[in-house]
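Q: Sequence plus the predicted model coming up.
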Amino acid sequence: MSTAVTEIPQDSRVHYLNVSYGVKSWLLTVDHKRIALLYLGSITFMFLVGGVAAVLMRIHLIEPAGALVQPETYNKLFSAHGIIMVFFFLVPSIPATLGNFLVPLMVGAKDLAFPKLNLLSWYIYVVGALFTLYAVISGGVDTGWTFYTPYSSTYSHSAVIPVAIGVFITGFSSILTGLNFIVTIHKMRAPGLTWFRLPLFIWSIYATSVIFILGTPVLAITIFLLGVERLFHVGIFDPAVGGDPLLFQHLFWFYSHPAVYIMILPGMGVVSELIAAFSRKRIYGYTMVAYSSFAIAIISFLVWGHHMFVTGQSIYAGLIFSVLSFLVAIPSAIKVFNWTATLYKGSISYEAPMLYALGFIGLFTMGGLTGLFLASLATDVHLSGTYFIVAHFHYIMVGGAVMAYMGGLHYWWPKITGRMYPDMWARVAAVIIFVGFNLTFFPQFMLGYLGMPRRYAVYPPEFQVFNVMSSAGASILGIGYLIPLVYFIWSMRYGPIAPANPWGAKGLEWTVPSPPPTDNFEETPIVTEEAYNYAPIPEGQHG
Amino acid sequence: MNAATHLFTSNLLAAASLPIHPPTASTIGQGVDYLYFFLTGITLFFTILIFSIIFYFMIKYHRRSEDEAPGFVGTSMTLEITWTLVPLAICAVLFVWASSLYFENSRPPNASMELFVVGKQWMWHIQHPEGPREIDELHVPVGVPVKLTMTSEDVIHDFSIPAFRIKKDVLPGRYSSIWFQATKTGIYHFYCAQYCGTDHARMIGWVYVMTAEDYAGWLSGGVRGESMAQSGERLFTQLGCITCHVADNNGRCPTLVGVFNHPVKLKDGRTVVADDAYLRNAIVNPNSMPLPNYAPLMPSFQGQINEEQLLQLIAYIKSLGPEERKSAGK
C-alpha cells in the first residue's frame, strides 16, 4: 500500500464496472465500454471453438492417412475453423472490442455517436453466431469458408443455408459498427483534437470502417444469391442451370480481399500505439503511416482478382491484378520501416505488450514478403491452392492480426479492468506464442512449395515430416493462448490494482482513472498537443 | 521385410534427407524456379534486415531508468522517399519478370500433342486422341509439348502438376487448357488443387513421363480400342446428328466438314471462330447462337451426353478437316 492510488479503497469510486450489477444491467447497457466487454466475451468463446477445430485438424494430419476422423468430418472441421475465425473472430476482434472501448476515450467523447445502435450490433452479431454454431452442431458445413459454387449451391449435402444466414446476419453488425465509428470520429472529437493529432489507432479504425461499409454489403448480396440458387435453383452460379461459377468468386473476393485488411489494419493501429508507448517516441513518419492506412483501404478493393490467377480469367486481367497487388505492398512496407525507425533513439522497455508488437513486426514482415511470391504471376501458378497460401495468410492473420490483438489486450487491460496481470507470465506467454506460431506455420511454406494442396484430409507420405512439425508447433501455440486466458481471468479478481497510467503513456484514455467512469471524462478535455507528445516538437519541425 | 517396416524405413529415409525442393521436370519449371529463388533471396534479405535493426535498437536504446525521456527525432523525408521508392523498384522488377514468364508459359506451342481431361467427383478421366483412356493416370512422352484441354462434369476442380510448376482450374461448362513439355522421364504426382467435396484429397494421380519409344509402345499395348474421332463418329450416328448435318450444305443444317477453326457468321452479325468452346456450346446450347440461313431446329443435348462424349464428338468434327472441305466444296 505504498502508492497514492491503492490507498483509496477500490470500491469507493464509482466506475463503469461497479455502477450497476446484474445480468440486465449488462444485456441492456448502452455504455460502449460494457458493450466492448460483451464482445470480448463472445469473440473469445468463438475463438476457442475455432481453435478446437484447428487442434483436431492438426492432430488428424499427423498421419498421412489421417489419424483421427473421416474425410467428411475433416472437411467440416476446416470449414468451421475458417468460417468462425474469419467472420466471428478476426473481423470483429480489434474493432468491436478494443475499438468499441477506445474510440470514444481516444477522441475525448462520452460514448459513440449511436449507443443504442452499438448494442444492436452486438445482438446482431450474437444471432449470426448462434445460427452458425447451430449449423456446426447440427451436422456441419463442408464448403470451406470460401463457399465456392457450384459446390456450395448444388452439390454439398451439408448445412450451407444456416451458415449462410449466420454470415449474412453478422455482416450487418459490421456495417453498423463501421457507421458508428465513422460518425463518432467525424463529429465527436474533443476541442483541439484535429485529424493530424489523432492517435494512429483512430486512423486505422476509420479506414477499417470505410471497408466495413463499402465491402460488407457485397458479401451480403453474394451470400444471398448463393442461398437463392441453392433453395430455388435459379441459375446464377451453376452452369448446369445457366449460371457462371466464376461470378461467385469475383463477388466473394470483392468483399473478402478487403476483409483481409479489415483484419490487419486495426492491428497496425494497435501496433503503432504500442511502439510509441514502449519506446516513448512519436511514431516516425506519423503522416505517412496515417495516409498509408488509406492507401491500403482504397487499393484493397482493386486486387480481388489475384485470388483467381489460375481460374482461367483473362491473362490481361491477371496482369492488372498483379500490378495492383504489388502496389498494395508498398504502404505496408512504409509502415514496417516507420515502426522500426520509431525505435531509433527511443527509451525501449519490454513489457508483454511490446513483445507482442515487436513479434507483430517480424511476422507481418514475413507474411508481407511471402505475399510477393503470390502477386508474381508465374510463381503464383505453382503456389496457389497449396499450403503456401495457408502459411502466408496465417502469417498475416495470426502472426499479424492476432499478435496485435493480444498486444492491445495486454496494453489496455489495466484500463479496461482496473487490474494488472502478472507481467512475467505474460512475457513467457508472448514468447511461447511467437515460437509456437513459427513452428506451426513455417513448415507449411515448405509443404506448399513441395506441392501439397490445401484442404487435404489425407496426403502422400513424403509430406509427413513437415506436417508433424506443424502439428507439434500447434500444440505449443495452443498452450501459449491458454496461459493468458488463465491469468486474465485470475487478474480480474486477484490482480494488483492498476493506476490510471501504468505505462507512462500519452493519449486521452490514460488521463482518466482505471477503470474509467461511465461518462469517461468528468469534463470534456481540450487537446493542445500532438499525439505521442513524449518530447516536445521543436519550432519549425514536423513529426 | 513386411510392408509396415518398409513404410517406416522409407519415412525415416525421407526425414533424413528432408526434401525442400520439388522435382523440376518441365521446360516451364526452370524459369519459375529462378524467379522463386530470387523472391526467396529478397524475402531473406529484408527479413534479416528488419530483425537485425530491431534487435540492434532493442539493445542500444534499452530503457535505463524509469524517468528516461528521449529527445525529439524529426522525420526525414529523404528516408521516407527512399523506403517508398526502393520497394517500388523491386516490385516493378518482380512484376515485369513474373508477368513475362507467365505470358510465355500461357501459350502452348502450335505443334502440341493434345490430350483431354475430364474431372468429376472424385476422379480424373484422361483420353488420348488415339483411343486409350485412363483414370487417375497420365502417360506422356518426354520432350514433346502436350496440351491438356480440360473440363468438369460437376464442380470446380483444379489440375495441378507440381513437378511441372503448372496448375489450372477445371470448370464445369467450359474448356480450360494448360500445356507442358516434360524434360525428365519419371513418375510425378498430380493433384486436384481446388476443394471439390468429400474425397477431394483422393482425387490425385500420377504422370508417367516416358521415352518416345515407350510411349508408342504404351499407346499400342493392351486392348486397341477406337480413336476419339471414331467414338465421336459412332455417337454422331447414334444421336441422330447425321440425319441433318450431312456432308454437303443440302441438309436442314450446316455441314460440319471443315468447320473447325474457321469463322462462322452468326445471325446477330457477329463472326466467331468455331473452336472447342464454340462447338461445345453449339451442342449443349444451340439456340444461344442462331445462324442466319437455318431455322433453330436443333435440340439441346445438355444432360444427354457427358463431357467425355462431348469431347469425342468434337474430335470427330475436327477430323472432318480442311482437306475434306476442299474436296467436298469442289
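A: Perfect, thanks for sending it.
Q: got the phi/psi numbers for A:Pro64?
A: With angles defined as degrees, to the nearest 10, A:Pro64 sits at phi -60, psi -30.
Q: Look up the closest residue to it, ignoring the ones flanking it.
A: Excluding its sequence neighbours, the residue lying closest to A:Pro64 (CB to CB, 6 or more residues apart in numbering or on different chains) is A:Pro461, at 4.5 Å. To be clear about C-beta, it is placed using only N, CA and C from the backbone, and glycine gets the same treatment.
Q: for chain B, longest helix please?
A: Counting residues, the longest helix in chain B under DSSP state H turns out to be helix B:27-60.
Q: What helices and strands are in contact with that one?
A: Secondary structure elements in contact with helix B:27-60, counted by 3 or more CB pairs under 8 Å, 6 or more residues apart in numbering or on different chains; DSSP states H and E, are helix A:315-342, helix A:352-375, helix A:377-383, helix B:77-106, strand B:176-181.
Q: which element is A:Leu251 on?
A: Taking DSSP states H and E as the criterion, A:Leu251 maps to helix A:245-279.
Q: What's the local residue count around the residue nearest to A:Pro64?
A: A:Pro461 has 13 neighbours, counted by other CB atoms under 10 Å in any protein chain shown.
Q: just A:Leu48 next, same as before
A: Using other CB under 10 Å, A:Leu48 is surrounded by 14 other residues.
Q: Would you confirm that it belongs to a strand?
A: No. Applying DSSP: H, G, I helix; E, B strand; the rest coil, one finds A:Leu48 to be helix, outside a strand.
Q: wait, is A:Asn118 part of a strand?
A: No. Counting by three-state DSSP, A:Asn118 is located in no strand; its state is helix.
Q: check contacts around it.
A: Each residue near A:Asn118 by CB atoms under 8 Å, 6 or more residues apart in numbering or on different chains is listed here: A:30, A:32, A:35, A:100, A:112, A:176-177, A:180.
Q: Filter those down to just the ones in helices.
A: Checking those against DSSP H, those in helices are A:32, A:35, A:100, A:176-177, A:180.
Q: burial measure for the spatially closest residue to A:Ala341 that is not a sequence neighbour, as a count.
A: Ranked by CB to CB, 6+ apart and with sequence neighbours excluded, the top spatial neighbour of A:Ala341 is A:Tyr284, at 4.0 Å. By other CB under 10 Å, 26 other residues sit near A:Tyr284.
Q: was I right about A:Tyr284 contacting A:Val336?
A: No. Here A:Tyr284 does not reach A:Val336: they are 11.3 Å apart, not a contact under CB atoms under 8 Å.
Q: one step back: residues of the helix holding A:Leu251 that come out buried?
A: A:245-246, A:248-279 (16 or more other CB atoms under 10 Å in any protein chain shown).
Q: quick one: is that helix near chain B?
A: Yes. Residues of helix A:245-279 contacting chain B under CB under 8 Å from any CB of the partner chain: A:245-246, A:279.
Q: do the same with stretch A:418-438
A: No. For stretch A:418-438, no contact with chain B is found by CB under 8 Å from any CB; the gap never falls below 11.7 Å.
Q: and that stretch, how far from the chain's centre?
A: For stretch A:418-438, the separation from the chain centroid amounts to 19 Å (computed by CA atoms, centre = their mean, to the nearest Å).
Q: ditto for stretch A:195-212
A: Worked out by CA atoms, centre = their mean, stretch A:195-212 lies 15 Å from the chain centre.
Q: Then stretch A:330-346?
A: With CA atoms, centre = their mean, you get 21 Å for stretch A:330-346.
Q: Averaged pLDDT, that stretch. What do you get?
A: What stretch A:330-346 shows for mean pLDDT is 95.
Q: Same question for stretch B:291-304.
A: 81.
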